[in-house]
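Colleague: next comes the sequence, and after it the predicted model I'd like to discuss.
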Amino acid sequence: MPFHLHFAESDLLRCRFAVSPLWETQEAVRTLARPERHGYHLPWLRRIRAAADGLDLRPLHLLMPPFGHNPDFLSQTPPGPGAVFEDEIAAVRATDPETAGADIALALADTPGATESPAGRAMLADPARAVGDLAELLERAWRALVEPEWPRLRTLLEADVAYRSRRLAEAGFERLIGELSPQLSWTDGATLTITGVNGSHTRVLGGEGLVLMPSVFCWPRVVSGFLPPWRPAVVYPVRGIGGLWTEPSDRTPDALARLLGRARAHVLCALDEPASTTALARLLGLAPSSVSEHLSVLRGAGLLTSRRYGHQVLYERTPLGIALAVSHPGTD
């Protein structure tokens, strides 16, 4: 059954993008329990196997039915575009126990046997304690599973936001929605319809607008359904996931490295999506000053172009840069 989000003109003016480390954390936890997702993230799964074995994630998994409600208070829509995990988890801990208890009850009811289980009964009997325990478990999951990879994930997510923001300015909201996912469609000039989701849900946005969030771990599905009092959001699959877990050195052809120098070739090959100096430095493990120097040389050689986006300067490959990055074999 589809979800329907009904927009007023004021809602269209209040749509924005956001990146949420809290969302990625709870989706990483969900991915561990969903073998059908593992093929997209095998390098990550190998790296975090020992850390995951040290976590008892059963209370969170109990609240993640494959079909049905998932507690919105555990993945609240971030208040701004550059959310920090510490601020997001503080908001989880501050959730009103009565609101959290109702949210937990909905999720447990959609998981066969969960409401009557000892863990389920304990959460329902003491929602305040459940909020604290679940927040603590989410924070441990963040530290063990996601935080070590966050520079890589954030770079991809921020590149997606930059690209989608440009597409919104170029093509408008209706065209953008169609490009985010085949699960999304814009009808009647006022309704966003989401198919292939669990259950049926209709919400009139009422001037709140909509938050659009790219996600790595929900790929390739769209997720929505945030109920009041939580701000409505649509989480969509990020672009470029195919190269997410590939190391920069694995993407750089040897011949290109000999031509440009290995570090400079790494920079060129890492620009599958537009990125800033800071994002590239995080991804490549280089000093921002070194990356800046390489970018300047590559731009001067006609391999890159740059443009300003907000307070950032984003770099992307020119047609010549694309040809060089993709046309050399990896080995001789």
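Modeller: Everything's here; your move. Numbering: from 1, shown residues only.
Colleague: please identify the helix or strand for residue 203.
Modeller: Here residue 203 sits within strand 201-204, counting by DSSP states H and E.
Colleague: who's in contact with that strand?
Modeller: Strand 201-204 has contacts (CB atoms under 8 Å, 6 or more residues apart in numbering) with 3, 4, 5, 6, 224, 225, 227, 232. Yep, even glycine has a C-beta here, placed from its N, CA and C like the rest.
Colleague: give me the beta-bridge partners of the third one?
Modeller: Judged by DSSP bridges, the bridge partners of residue 5 are residue 192, residue 203.
Colleague: so who does it touch?
Modeller: Counted by CB under 8 Å, 6+ apart, residue 5 has contacts 191, 192, 193, 194, 202, 203, 205, 210, 224, 232, 234.
Colleague: would you mind checking the contacts of strand 201-204 for buried ones?
Modeller: Neighbour-count burial (16 or more other CB atoms under 10 Å) is assigned, among those, to 3, 5, 224, 225, 232.
Colleague: just to revisit the earlier point, out of the contacts of strand 201-204, the closest to residue 176 would be?
Modeller: residue 5 (14.5 Å; CB to CB).
Colleague: run a quick neighbour tally on residue 229.
Modeller: Neighbours of residue 229 under the rule other CB atoms under 10 Å: 10.
Colleague: could you pull up the mean pLDDT of stretch 63-78?
Modeller: Across stretch 63-78, pLDDT averages out at 89.
Colleague: could I get that stretch in PDB with only the CA atoms?
Modeller: Provided in PDB are the C-alpha atoms of stretch 63-78 (Å, rounded to 0.1, in the frame of the first residue of the first chain):
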ATOM      1  CA  LEU A  63      11.900  -3.000  17.400                       C
ATOM      2  CA  MET A  64      12.700  -3.500  13.700                       C
ATOM      3  CA  PRO A  65      10.000  -5.600  12.200                       C
ATOM      4  CA  PRO A  66      10.600  -6.400   8.500                       C
ATOM      5  CA  PHE A  67       7.000  -5.200   7.800                       C
ATOM      6  CA  GLY A  68       5.500  -2.600  10.000                       C
ATOM      7  CA  HIS A  69       6.200   0.300  12.300                       C
ATOM      8  CA  ASN A  70       9.700   1.200  13.500                       C
ATOM      9  CA  PRO A  71      10.000   3.600  16.400                       C
ATOM     10  CA  ASP A  72      10.400   7.100  15.000                       C
ATOM     11  CA  PHE A  73      12.000   8.500  18.200                       C
ATOM     12  CA  LEU A  74      15.100   6.300  17.600                       C
ATOM     13  CA  SER A  75      15.700   8.000  14.200                       C
ATOM     14  CA  GLN A  76      14.300  11.500  14.600                       C
ATOM     15  CA  THR A  77      14.500  13.800  11.600                       C
ATOM     16  CA  PRO A  78      17.600  16.000  12.100                       C
END
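Colleague: now the helices for the stretch 51-200 of the chain?
Modeller: For the stretch 51-200 of the chain, the helices defined by DSSP state H, counting those that start in this stretch cover 58-62, 85-93, 97-109, 118-125, 127-141, 150-171, 173-180.
Colleague: a markdown table please, covering the ones you listed and showing distance to residue 276 and mean neighbour count.
Modeller: Shown next, in a markdown table, are the helices of the stretch 51-200 of the chain (distance: least, CB to CB, whole Å; neighbours: other CB atoms under 10 Å):
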| stretch | distance to residue 276 | mean neighbour count |
| --- | --- | --- |
| helix 58-62 | 33 | 17 |
| helix 85-93 | 21 | 16 |
| helix 97-109 | 37 | 18 |
| helix 118-125 | 42 | 15 |
| helix 127-141 | 28 | 18 |
| helix 150-171 | 8 | 18 |
| helix 173-180 | 22 | 16 |
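Colleague: quick one, which of these is nearest to residue 314?
Modeller: Between those, helix 150-171 lies closest to residue 314; by CB to CB that is 5.7 Å.
Colleague: which strands or helices does that closest one pack on?
Modeller: strand 16-17, helix 21-32, helix 173-180, strand 211-215, helix 277-284, strand 304-309 (3 or more CB pairs under 8 Å, 6 or more residues apart in numbering; DSSP states H and E).
Colleague: extract the C-alpha set from it and format it as CSV.
Modeller: Presented in CSV, the C-alpha positions along helix 150-171 are these (Å, rounded to 0.1, in the frame of the first residue of the first chain):
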residue,chain,number,x,y,z
TRP,A,150,31.8,8.1,9.0
PRO,A,151,34.3,10.2,6.9
ARG,A,152,33.7,7.9,4.0
LEU,A,153,30.0,7.7,4.4
ARG,A,154,29.6,11.5,5.0
THR,A,155,31.6,12.3,1.9
LEU,A,156,29.3,10.2,-0.3
LEU,A,157,26.1,11.6,1.5
GLU,A,158,27.2,15.2,1.2
ALA,A,159,28.1,14.7,-2.5
ASP,A,160,24.6,13.4,-3.1
VAL,A,161,23.1,16.4,-1.3
ALA,A,162,25.2,18.8,-3.4
TYR,A,163,24.1,17.0,-6.6
ARG,A,164,20.4,16.8,-5.7
SER,A,165,20.4,20.5,-4.6
ARG,A,166,21.7,21.5,-8.0
ARG,A,167,19.1,19.3,-9.8
LEU,A,168,16.4,20.9,-7.7
ALA,A,169,17.5,24.3,-8.9
GLU,A,170,17.9,23.2,-12.5
ALA,A,171,14.8,20.9,-13.0
